[in-house]
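> Got a predicted structure here, sequence first:
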Amino acid sequence: MASPNATNSSASANVEKAEFEAGLMARDHVRLSLSLDGDQIVSAHLRAVGCGELLNLVAAIRPQLRGNLGDLLLPEGSGHAVLLLREVLLKAQGRWSFPYQEEELCHCRAVPTKKVDEAIVSGCHTPEDVSRATRASTSCGTCRPDVNAIINYRLGRDSK
Ligand code: FES
């Protein structure tokens, strides 16, 4: 078990550092820097740039970043700040498993996956909302299940 102050002792030999990020292009961004001894958090630095909602949530989460990494609770809700924080924490826990891997999601309209995901994080929580915001799924419709899968994943409907 690492002491919170372990830095130079032999105990620090097992301490590893890792960084995890999530963000929206040119908007809100969150970065979590961890020092870990196994699954135990030795130190954690959570920083954010962006709106008040995100900064307030980060401030509320910071005191919880201790103990066993796997025991950290994910924030609940569907606002963009919650979704970004959830992404960072899932990445840190090794549980981030985004359901679509290709760069372009809608081939008919040449819509990048990143654009669809950002629309979802920003509040488009139905396929219709995503279509209006990005033009994805407005032609053959074969990409619609993938849009739906990302919505469900982002909203935590299938990540348990
Ligand atoms: S692939 Fe998206 S509408 Fe055809």
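Thanks, I have it. Numbers count the residues shown, from 1 in each chain.
> Can you name the element that comes right after the longest helix seen in the chain?
Identified as the longest helix of the chain according to DSSP state H is helix 80-92. Tracing the chain past helix 80-92, the next element assigned as helix or strand by DSSP states H and E is strand 104-106.
> Run the chain-centre distance for that next one.
Centre-to-centre, strand 104-106 and its host chain are 20 Å apart (CA atoms, centre = their mean, to the nearest Å).
> Which strands or helices does that strand pack on?
strand 111-112, helix 113-121, helix 144-154 (3 or more CB pairs under 8 Å, 6 or more residues apart in numbering; DSSP states H and E). In short, each C-beta sits where N, CA and C put it, glycine included.
> What parts of the chain come near the ligand?
When proximity is defined as CB under 6 Å from any ligand atom, the chain approaches the ligand at Cys106, His107, Cys108, Arg109, Ala136, Ser137, Thr138, Ser139, Cys140, Gly141, Thr142, Cys143.
> Any chance of the residues you listed in TSV with distance to Gln93, secondary structure and neighbour count as columns?
Conversion of the residues of the chain next to the ligand to TSV gives the following (distance: CB to CB, whole Å; DSSP: H, G, I helix; E, B strand; the rest coil; neighbours: other CB atoms under 10 Å):
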residue	distance to Gln93	secondary structure	neighbour count
Cys106	30	strand	26
His107	33	coil	13
Cys108	36	coil	14
Arg109	34	coil	16
Ala136	29	coil	29
Ser137	31	coil	24
Thr138	36	coil	16
Ser139	38	coil	12
Cys140	37	coil	11
Gly141	35	coil	14
Thr142	33	coil	11
Cys143	29	coil	25
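> What distance do you get for Cys51 to Leu24?
Distance check for Cys51 against Leu24: by CB to CB, to the nearest Å, it reads 10 Å.
> Start and end of stretch 94-104, how far apart?
Across stretch 94-104, the terminal residues are separated by 24 Å (CA to CA, to the nearest Å).
> Pull out the buried positions in it.
Of the residues in stretch 94-104, Trp96, Tyr100 count as buried by neighbour count, 16 or more other CB atoms under 10 Å.
> now it: how far from the chain's centre is it?
Chain-centre distance of stretch 94-104: 11 Å, with CA atoms, centre = their mean.
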